[in-house]
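[1] Have a look at this prediction, sequence included:
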Amino acid sequence: MTVTIYHNPDCGTSRNTLAMIRNAGIEPTVIDYLQNPPSRDELKAMIADAGLSIREAIREKGTPFDALGLGDPALSDGQLLDAMLAHPILINRPFVITPLGTRLCRPSEVVLDILPQTHKSAFAKEDGEQVLDEKGNRLV
């Protein structure tokens, strides 16, 4: 199965999502989107495929969101996309793309919705929250 994750290694949610993908026995294509952001068309498609609006895909915390005035409801989707491409930190993460769908994996266990049921063991997030039992069955 081909899986792509738009990853930020400094983000715990992104690290947990990546670890769950690997726990399913899949080695994904990992794209550090801060260093290699998606193209405008890729970003727009990813957001639409995840069933989100452009606004829902913008990260506010720890970004220049307020300084850029991106909360202004008069801004168009095009203007918001321009800001996200100019400042990739504004792209919420992690986005994961599989043949079963595209999701913004917040919380990280959302990734389980688009992965095959190939988990063979327990999985706990970095904070200790148990997500899969010892047989790889989903708990949350």
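    Perfect, I can see it now.

[2] For this protein, just list every one of the helices.
    12-23, 40-49, 77-86 (DSSP state H).

[3] Most tightly packed of the ones you listed?
    helix 12-23 (a mean of 20; mean count of other CB atoms under 10 Å). (Glycine included, C-beta is placed from N, CA and C.)

[4] what's next to that one, contact-wise?
    3, 5, 7-9, 28, 30, 93-94, 96, 105-109, 111-112, 115, 119, 121, 123, 125-127, 131-132, 136 (CB atoms under 8 Å, 6 or more residues apart in numbering).

[5] So which of those sit within strands?
    Judged by DSSP state E, those include 5, 7, 30, 96, 123, 131, 132 as members of strands.

[6] State the number of residues packed around the closest residue to the last one other than its chain neighbours.
    This points to residue 132. Taking CB to CB, 6 or more residues apart in numbering, and ignoring the residues beside it in sequence, residue 132 has residue 123 as its nearest neighbour in space, at 4.1 Å. Applying other CB atoms under 10 Å, we find 22 residues neighbouring residue 123.

[7] Kindly report the same for residue 61.
    6.

[8] check contacts around it.
    No contacts exist for residue 61 under CB under 8 Å, 6+ apart.

[9] now do the one 4 residues further on
    Under the criterion of CB under 8 Å, 6+ apart, the contact list for residue 65 reads 58, 59, 71, 90.

[10] run the last query once more with 7 Å
    Going by CB atoms under 7 Å, 6 or more residues apart in numbering, residue 65 touches 58, 90.

[11] If I look at it, what pLDDT would I see?
    We have a pLDDT of 98 for residue 65.
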